[in-house]
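Undergrad: kindly generate the corresponding structure for this input.
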Amino acid sequence: MESVEREIYVEARPEQVWIALTRAEHFATWYAFGGAELDLRPGGRLVMRWAEHGEFRGFVEKVEPGRRFAYCYAVDPDVDPAPGNSNLVEFTLTPEGEGTRLHVVESGFDRLDAPADVRARHADEAAQGWDVGLTALAQVVRRV
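TA: Now for the predicted structure:
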């Protein structure tokens, strides 16, 4: 599998969804439940934590306020992202009616330096994580 794609309609304006995606204190309420650090500029540092999984490091790739946010992160805990160990996550926000269509793509599974079964496990875990995370985001964003 090359990528995992998910899309959800969020009953909130793009500005609200953007804040939930790009501010560490909000990101930690719907995805990185153990806490997050986010320097919102290209090349800025990103850290995501989960008590059960550890700390995952990355950096910001793209920032188009209110429209697009992307980051690269190491798929294994406690290492810096590098070719062969990292994926790209890209969020696209599109206004739709009174809300926002949020599309997320996590790509790079096919480029991981790992056996096929390990790459497949990473893709399965990512799919599950985005299913849970986006559902939580749709609820959390109302409080932003």
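
Undergrad: only C-alpha atoms for contact and neighbour calcs from this point on.
TA: OK.

Undergrad: need the longest helix for the protein.
TA: helix 116-140 (DSSP state H).

Undergrad: residue contacts, the residue lying farthest from the centre of the chain?
TA: The outermost residue of the chain, judged against the average C-alpha position, is residue 97 (24.2 Å), by CA atoms, centre = their mean. Contacts for residue 97 (CA atoms under 8 Å, 6 or more residues apart in numbering) come out as none.

Undergrad: next one: phi and psi at it?
TA: phi 60, psi -130 (degrees, to the nearest 10).

Undergrad: any idea what the residue most central in space within the chain is bridged to?
TA: For the chain, residue 89 is the residue whose C-alpha lies nearest the centre (CA atoms, centre = their mean; 5.4 Å). Here residue 89 sits in beta bridges with residue 71, residue 106, going by DSSP bridges.

Undergrad: wait, isn't it in contact with residue 104?
TA: Yes: in this structure, residue 89 is within contact of residue 104 by CA atoms under 8 Å, at 6.9 Å.

Undergrad: any idea how far the residue nearest to the centre of the chain is from residue 143?
TA: Separation of residue 89 from residue 143 (CA to CA, to the nearest Å) stands at 24 Å.

Undergrad: show me the helices in this structure, by range?
TA: In the chain, the helices defined using DSSP H lie at 14-22, 24-30, 116-140.

Undergrad: wait, which of the ones you listed is closest to residue 52?
TA: The stretch from those with the least distance to residue 52 (CA to CA) is helix 116-140; that distance is 13.1 Å.

Undergrad: show residues contacting that closest one.
TA: 1, 3-6, 8-11, 20, 29-31, 75, 106, 109-110, 112.

Undergrad: same thing but 6 Å
TA: With contact meaning CA atoms under 6 Å, 6 or more residues apart in numbering, helix 116-140 is reached by 10, 30, 31, 109.

Undergrad: any chance of these in JSON lines, plus neighbour count and distance to residue 57?
TA: Conversion of the contacts of helix 116-140 to JSON lines gives the following (neighbours: other CA atoms under 10 Å; distance: CA to CA, whole Å):
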{"residue": "10", "neighbour count": "24", "distance to residue 57": "27"}
{"residue": "30", "neighbour count": "20", "distance to residue 57": "18"}
{"residue": "31", "neighbour count": "22", "distance to residue 57": "14"}
{"residue": "109", "neighbour count": "26", "distance to residue 57": "17"}
